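Undergrad: for reference, the sequence and a predicted model appear below.
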Amino acid sequence: MAPQDPQEMELSNILTTLKELFPENGIFAFLSQWQSVVYALIAIGFLWIFARLSTKKMSLVPGRLQSFAEIIAQGVRSLVLGVLGPQGERYVPFLGTLFIYILTISLMGLIPFLKSPASSWSTTLALALCVFGYVQYTAVRHLGFWGYMDHLAGKPRGALAFSIVLPVFMFTLHFISEFLKPISLSLRLRSNIWGDDLLLAVLTHFGLQGFPLLFLNTVSALLMAFIQAIVFFLLSTIYFASVLTEE
């Protein structure tokens, strides 16, 4: 018996349902094929609307929506500055947006008839590559090209500078690790969210008998979404710290 395709075990969403109901419709087939991109764009649209509504009528006595947005913004800013110090102010918009977006797309899988784009490696890898590119740009901008090469070589000084083996080894090790970071960063997020979504789909087949397990796993998936967003965010912040601070 051939193993079942993991994608067929996932919960149906709006796009897959429309494709099944109208198999001859090319638009639904196209949207279903690119559903991760579609839901990623939906998340962007939702966050854009939220940002517009929460900042539409700014006041010194904020309403509930503005207060909620300010709590999130201030919390993220405090985390970034706690790791990077005052120089981290420049990176708060990028890292803060990264955290909020990852949390949003991670939670989408818990909403009926929606799918989490974070369960697709193409989405998480794209986010990780954005972090990788920005970190490399920051390193070259902050240290200079040769300064960054010196940083990767472990900053050999004194008698160590005349040794070829150790600086070359350190450079090779750091060079490879830089390219492994986006892979590990993206796979960690994708695997955890995809695993939670897959387990939810499996438990729904147990009917009412599986409701207690389904409820507990939903709570666990909700907690995991927050944890994975924080892990991705903190690791990205640490990557910036590694090229901005000398300690």
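TA: Right, received. Where do you want to start? Numbering: from 1, shown residues only.
Undergrad: need the contact list for the residue most central in space within the chain.
TA: Most central residue of the chain, judged by C-alpha distance to the mean C-alpha position with Cα atoms, centre = their mean, is I102 at 4.3 Å. When contacts are counted by Cβ atoms under 8 Å, 6 or more residues apart in numbering, I102 touches 118, 127, 189, 228-229, 232-233. Using the backbone N, CA and C atoms, a C-beta is placed for each residue, glycine as well.
Undergrad: run the last query once more with 7 Å
TA: 118, 127, 189, 229, 232 (Cβ atoms under 7 Å, 6 or more residues apart in numbering).
Undergrad: relative to W48, which of the residues you listed is nearest.
TA: Minimum distance to W48 across the contacts of I102 is 17.4 Å, recorded for L127 (Cβ to Cβ).
Undergrad: hmm, who's touching the helix or strand harbouring that closest one?
TA: L127 belongs to helix 121-143 when elements are defined using DSSP states H and E. Residues outside helix 121-143 that contact it (Cβ under 7 Å, 6+ apart): 36, 40, 94, 98, 102, 117-118, 148, 151, 181-182, 185-186, 189-190, 236, 239-240, 243-244.
Undergrad: show me what secondary structure element comes after the helix of greatest length in the chain.
TA: Across the chain, the longest stretch assigned as helix under DSSP state H is helix 165-204. Toward the C-terminal end, the helix or strand that comes next after helix 165-204 (DSSP H and E) is helix 211-244.
Undergrad: elements contacting that next one?
TA: helix 64-84, helix 92-107, helix 121-143, helix 165-204 (3 or more Cβ pairs under 7 Å, 6 or more residues apart in numbering; DSSP states H and E).
Undergrad: could I get the ones you listed in CSV, plus columns for distance to E24 and mean pLDDT?
TA: As requested, those are arranged in CSV below (distance: least, Cβ to Cβ, whole Å; pLDDT from 0 to 100):
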stretch, distance to E24, mean pLDDT
helix 64-84, 43, 89
helix 92-107, 31, 93
helix 121-143, 27, 93
helix 165-204, 27, 87
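Undergrad: which of the ones you listed has the highest mean neighbour count?
TA: Compared across these, helix 92-107 shows the largest average neighbour count, a mean of 21 (mean count of other Cβ atoms under 10 Å).
Undergrad: how distant is it from the center of its chain?
TA: Helix 92-107 has its C-alpha centroid displaced from the chain centroid by 7 Å (Cα atoms, centre = their mean, to the nearest Å).
Undergrad: got it, and stretch 224-233?
TA: Relative to the chain's own centre, stretch 224-233 is displaced by 8 Å; criterion: Cα atoms, centre = their mean.
Undergrad: gap between the two ends of stretch 16-33?
TA: The stretch stretch 16-33 measures 9 Å between its terminal residues, going by Cα to Cα, to the nearest Å.
Undergrad: give me the contacts around that stretch.
TA: For stretch 16-33, the surrounding residues in contact (Cβ under 7 Å, 6+ apart) are 15, 38.
Undergrad: buried stuff in that stretch?
TA: The neighbour-count check on stretch 16-33 (16 or more other Cβ atoms under 10 Å) flags 16, 18-19, 28, 31-32 as buried.
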